[in-house]
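>>> sharing a sequence plus its predicted fold:
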Amino acid sequence: MDPSDLRVELEGMYRASFGWALCCCHHQREEAEEVLQTTYLKVLDGRARFDGRSSLRTWFFGVIRRTADEQHRRQWLRGQLFERWIVCEPSAPPPAGPEALASAAESSRHLLQAVAELSKRQQQVLHLVFYQELTIEEASRVMEISLGTARTHFERGKHRLRQILAEREGRYEQR
């Protein structure tokens, strides 16, 4: 794909890409921004190349996921190496942005809490299918798991999410 065409396509996917980066970074906005910037750099400098074996979107989401995983490993390693020598101070809360305002709504908060109780793979496959509008097959390629495994996580994630929300709804009605 021509580099200028690639840039245009990537620009058109920015919102969806940022949403996926947020999911991969546990909804930490600054971390997601860094992951997405690093991903764009990988693509633009040629370290990540689109070979056409899948859709551009599926490939790019896979690069985002792998970049987020690399960043998490680096952060964990730094934490392990420097834990004895650095006193950790709590960081300042992130500035209120559109995501923070949306999650302030009661139903959004309950949904985010329920999703957080799912396994990481269930969270990721549900995000890719519902928010990024990928098929389960495309989600399996992004996550680098088999189609059967993706289907299992998708079905179990939906079932568990319904279960958690129903339990919470029952608790709120009892109050």
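Great, that's in hand.
>>> beyond the helix or strand bottoming out on mean pLDDT in the chain, next helix or strand please.
Across the helices and strands of the chain, mean confidence by mean pLDDT, DSSP states H and E is lowest for helix 98-104: a mean of 52. On the C-terminal side of helix 98-104, the closest following helix or strand by DSSP states H and E is helix 106-116.
>>> buried residues, that following helix. List them.
111, 114-115 (16 or more other C-beta atoms under 10 Å). All C-beta spots, glycine's among them, are computed from the backbone N, C-alpha and C.
>>> got the angle between the helix or strand encompassing Trp20 and helix 106-116?
Here Trp20 sits within helix 14-24, counting by DSSP H and E. Using axes from the mean of the first three to the mean of the last three C-alpha atoms, to 10 degrees, one finds that helix 14-24 and helix 106-116 are set 60 degrees apart in direction.
>>> now tabulate the buried residues of helix 106-116 in a markdown table and tack on pLDDT.
Output for the buried residues of helix 106-116, formatted as a markdown table (pLDDT from 0 to 100):
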| residue | pLDDT |
| --- | --- |
| Leu111 | 78 |
| Ala114 | 85 |
| Val115 | 86 |
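>>> I'd like those residues as TSV, with distance to Arg168 appended.
Below are the buried residues of helix 106-116 laid out as TSV (distance: C-beta to C-beta, whole Å):
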residue	distance to Arg168
Leu111	10
Ala114	7
Val115	12
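>>> closest one of these to Met143?
Nearest to Met143, judged by C-beta to C-beta, of those is Val115 at 16.2 Å.
>>> out of the buried residues of helix 106-116, who's nearest Pro3?
For the buried residues of helix 106-116, the nearest to Pro3 is Val115 (36.8 Å; C-beta to C-beta).
>>> what pLDDT does the residue nearest to that closest one when sequence neighbours are not counted get?
Excluding its sequence neighbours, the residue lying closest to Val115 (C-beta to C-beta, 6 or more residues apart in numbering) is Gln123, at 5.8 Å. Gln123 is assigned 90 on the pLDDT scale.
>>> report the contact partners of Gln123.
23, 115-116, 157 (C-beta atoms under 8 Å, 6 or more residues apart in numbering).
>>> now do Met1
Met1 neighbours (C-beta under 8 Å, 6+ apart): 9, 50, 52, 56.
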